[in-house]
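Enquirer: model the structure of this input:
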Amino acid sequence: MSIEDTFGSLFKPEVKSSGRKLVAQEKISLSTQSDTSIQAFVRVAPPFRVKFSTEEISSKTFSVECSCPTARKNRFCKHVWATLLFVEENYSDFLTEKTEIENLNSSAEPKIDKQSAFKESAKLRASEHRKEQYQKQKARVKEKKREQKGNQQSHSSQSHSPEIEAALAYFSQNGFPMPSGPTKEIIVEAKRKLSRLFHPDKGGTHEESVELNQNCEVLLHLFRNDS
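Expert: You can find the predicted model right below:
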């Protein structure tokens, strides 16, 4: 039986037509051929590799792989059909008694995008940090209210503008409380550590990065005025 009779129903008519054109244009070449393995190259731009393999010559099943985008979508492509035609004409012994095709592209595990995985991991770390700092801040607020009820003393002996108070609250909420007043070293260190979490390249957002820089500048402005 011909490959048309045996495997033709697995391929769409337009795929088979395109495959025949590749053979007619002499675009198929075999780099490896044996009773159990065939490797072909399809000389197009870009070129693609097609591989047939079977456990033994008497096996009824053989597997196929193609490096083209269509094959990676779990479809039988024109390159596979062209290679089947070429093998049938030039190395028919490989196809003897073969009645079933296994598409290995359908079972291949997707490639992992390392950069995307890193960004997702960074976003997760930033999210976990924010959750942790939120819980800590809730505990600090609760404790502060308890202290205020007991002695009704102010939260700070030093008076600051609302803008500075807001900046101090921002750093406190993100894990860097400054109960005795800010120092330049503490501010710089807090910014350095928070930048690792809030910078867009580290899993944060542009808005979080801008907010960090603005609050840092508010506090550092105190030291510029003093100098």
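Enquirer: what helix or strand is Lys123 on?
Expert: Assessed by DSSP states H and E, Lys123 sits inside helix 114-151.
Enquirer: what of Ser29?
Expert: Counting by DSSP H and E, the element that carries Ser29 is strand 28-33.
Enquirer: what do you get for Ala190?
Expert: According to DSSP H and E, Ala190 maps onto helix 184-198.
Enquirer: identify each buried residue in that helix, please.
Expert: Taking 16 or more other C-beta atoms under 10 Å as the basis for neighbour counts, the residues of helix 184-198 that come out buried are 186-187, 190-191, 194-195, 197-198. Bear in mind the C-beta positions are built from the backbone N, C-alpha and C, glycine included.
Enquirer: which member of the residues you listed is positioned nearest Tyr134?
Expert: Nearest to Tyr134 out of the buried residues of helix 184-198 is Leu197 (C-beta to C-beta; 13.4 Å).
Enquirer: how deep is the closest residue to that closest one other than its chain neighbours tucked in, by neighbour count?
Expert: Taking C-beta to C-beta, 6 or more residues apart in numbering as the measure, Leu197 lies nearest to Ala126, with 4.5 Å between them; neighbours along the chain are not counted. Ala126 is surrounded by 20 other residues when neighbours are defined as other C-beta atoms under 10 Å.
Enquirer: pLDDT score for Ala126?
Expert: At Ala126, the model reports a pLDDT of 78.
Enquirer: what's near enough to touch it?
Expert: For Ala126, the contact set (C-beta atoms under 8 Å, 6 or more residues apart in numbering) comprises 197-198, 202-204.
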